[in-house]
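Trainee: Kindly return the folded structure for what I paste below:
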Amino acid sequence: MKYMFLLYNTESEDHMAPEAMAEWGRFGAYLAERGNQIDGAALQPTATATTVSVRNGERLVTDGPFADTKEQLGGYYVLECADLDDAIDIAARIPWAPTGHIEVRPVLDLG
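Mentor: Predicted coordinates for the structure are as follows:
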């Protein structure tokens, strides 16, 4: 089953430090070894975000993310997992798990 992993954490320069990048490299090697990654990417900082909504036929465009929270969506993965327990085990290995939150959600198969 496909699961999406939404990675939330505070925006920080520390996330780009060499030791943090090495940790992400090790996690990437783990995923490559498993061979179950379908997609994934890091996102640009929230300052680059644009939020679009339509109310009563009028388009509203706002700079920044929709939610004003301490933690921001920083990236995602889509992985093929055996089951929810497998997905949870993988989520616990994501480098942001100790300092942020990893939301794990099954992907709805519309086909």
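
Trainee: Tell me where the chain has helices.
Mentor: Under the criterion DSSP state H, the chain contains helices at 18-34, 84-93.

Trainee: Just want the angle from the shortest one to helix 18-34.
Mentor: This points to helix 84-93. With axes from the mean of the first three to the mean of the last three CA atoms, to 10 degrees defining the directions, helix 84-93 sits at 150 degrees from helix 18-34.

Trainee: what sits against residue 106?
Mentor: 1-4, 84 (CB atoms under 8 Å, 6 or more residues apart in numbering). In short, each C-beta sits where N, CA and C put it, glycine included.

Trainee: In strands only, show me those.
Mentor: Here DSSP state E is the test, and the contacts of residue 106 give 2-4 as lying in strands.

Trainee: neighbour-wise, which of those residues leads?
Mentor: Top of the ones in strands among the contacts of residue 106 by neighbour number is residue 3, holding 22 neighbours under the definition other CB atoms under 10 Å.

Trainee: tell me the centre residue of the chain?
Mentor: residue 76 (2.6 Å; CA atoms, centre = their mean).

Trainee: remind me which residues of the protein are low pLDDT?
Mentor: 67-68 (pLDDT under 70).

Trainee: Noted, bye for now.
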